[in-house]
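1. can you look at this prediction? I've put the sequence above it.
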Amino acid sequence: MAEIFFRTLPFFAIIGLGYWAGRSRFFTEEATAYLTRFVFYFPLSAMIFGFAANLSFAEVFDPTLVLGYLAGTLAVYLLVTAVAMARGLDMPTAAVEAQCAAIGNVGFLGLPMMAILFGPASVAPMMVVLSVDLVVFSSLIVILINAGRGKGLGMATLKLVGLGLLKNPMILSIVAGLAWSASALPIPEPANDFLTILGGAATPGALFAIGASLASKSAERIRISGWLSFAKLVLHPACVAIAVLWLIPAAPFSAAVAIAAASLPVAGNVYMLAQHYGVAPHRASAAIFISTVLSIVTVPAVIAWVS
């Protein structure tokens, strides 16, 4: 546990540095937004493309792991939705709370962290986790919010979901990388150097952006955000563990990486969606803040357990 904690500490130290920069106003909210946009569209996309280009479709599409991770995540999603409904919340608000419990910071925090802690072999299962999150659950929240507002599953909603997937640089990077891998063509050396240099900015840039964005978030509604943080940091990895270890057993290494990925704090894009639709943005913001702070201890604990 101590060894894993000290290995993850540099990641959280960079997040802390970003938080200081944002809190002290050395980095304004506008600067943070531009940094996040830069990392999302350029370094992170380069890193994901480089990873995917060295994988085969068979490595990424592991049906057992896909089903296991999907089942575990869906379990916590339904549980949090049921609790929200029991509290009398409407469908859009319940969907945002469920999204907080099910979607971790896989792109900005998980990919670089797991690649270092578990090695290059962790990239394929992380791609599975990222793909399930983006394709299934990022689409599901849009469908549920629109359904809750009486728009149903019409062509307008389906078009919105489809365009969201097509415009997501993470999905495009995975698809492009796998397509390059399928062509069996080597990446030209100048292009490979370009991807390496640009992708190298992804880890520090993403971690710094996470911290700086936390500076604009506050720990409001502690009781609710605390419940959502518990669901994300404890219940989500527990449900995924039950699914990938016992219900739908995956390869031990892939299962360990998927469980570790499930332990990550709430993703920042949950707040972006909540703010965009005007559904409980303060709740999502607080859950991101609290879960990220607590994850300094909980993530190393889960990684130490699966290791």
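-> On my side now, so go ahead. On a predicted model such as this, the values are computed, not experimentally measured, just so you know.

2. list the buried residues of the worst-scoring helix or strand of the chain on mean pLDDT.
-> Ranking every helix and strand in the chain by mean pLDDT, DSSP states H and E puts helix 155-166 at the bottom, with a mean of 76. For helix 155-166, the neighbour count (16 or more other Cβ atoms under 10 Å) marks 157, 160, 161 as buried. Placement of C-beta: from N, CA and C, glycine included.

3. now the angle from the helix or strand following it to helix 155-166?
-> Following helix 155-166 in sequence order, the next helix or strand is helix 169-183 (DSSP states H and E). Helix 169-183 runs at 60 degrees relative to helix 155-166, counting by axes from the mean of the first three to the mean of the last three Cα atoms, to 10 degrees.

4. in helix 169-183, what's buried?
-> Buried-residue list, helix 169-183, by 16+ other Cβ under 10 Å: 169, 170, 171, 173, 174, 176, 177, 178, 180, 181.

5. ditto for stretch 35-55
-> 35-36, 39-40, 42-53, 55.

6. which helix is the longest one in the chain?
-> In the chain, with assignment by DSSP state H, the single longest helix is helix 281-306.

7. residue 213: neighbour count?
-> By the criterion of other Cβ atoms under 10 Å, residue 213 has 27 neighbours.

8. and it, how far is that from residue 286?
-> Using Cβ to Cβ, to the nearest Å, residue 213 is found at 13 Å from residue 286.

9. repeat that for residue 304.
-> Residue 304 sits 27 Å away from residue 286, going by Cβ to Cβ.

10. got any ranges where the stretch 101-250 of the chain has weak pLDDT?
-> Counting by pLDDT under 70, the ranges of the stretch 101-250 of the chain that qualify are 150-154, 218-221.

11. show me where it has strands.
-> Under the criterion DSSP state E, counting those that start in this stretch, the stretch 101-250 of the chain carries no strands.

12. can you show me the helices along it?
-> Using DSSP state H, counting those that start in this stretch, the helices of the stretch 101-250 of the chain run over 111-117, 123-132, 138-148, 155-166, 169-183, 189-199, 202-214, 222-230, 236-242.

13. tabulate those helices in CSV, adding columns for distance to residue 65.
-> What follows is the helices of the stretch 101-250 of the chain, written out as CSV (distance: least, Cβ to Cβ, whole Å):
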stretch, distance to residue 65
helix 111-117, 14
helix 123-132, 5
helix 138-148, 19
helix 155-166, 21
helix 169-183, 15
helix 189-199, 24
helix 202-214, 24
helix 222-230, 25
helix 236-242, 10
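
14. then stretch 59-72 to CSV, C-alphas only?
-> Output of stretch 59-72 as CSV, limited to C-alpha atoms (Å, rounded to 0.1, in the frame of the first residue of the first chain):
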residue,chain,number,x,y,z
GLU,A,59,-6.7,-6.8,-28.1
VAL,A,60,-9.0,-3.9,-27.5
PHE,A,61,-12.3,-5.7,-28.2
ASP,A,62,-12.2,-8.3,-25.4
PRO,A,63,-15.8,-9.4,-25.2
THR,A,64,-15.5,-10.8,-21.7
LEU,A,65,-13.9,-7.7,-20.3
VAL,A,66,-16.4,-5.5,-22.2
LEU,A,67,-19.4,-7.4,-20.7
GLY,A,68,-17.8,-7.6,-17.3
TYR,A,69,-17.0,-3.9,-17.0
LEU,A,70,-20.3,-3.0,-18.6
ALA,A,71,-22.2,-5.2,-16.1
GLY,A,72,-20.4,-3.8,-13.0
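
15. all set now, cheers.
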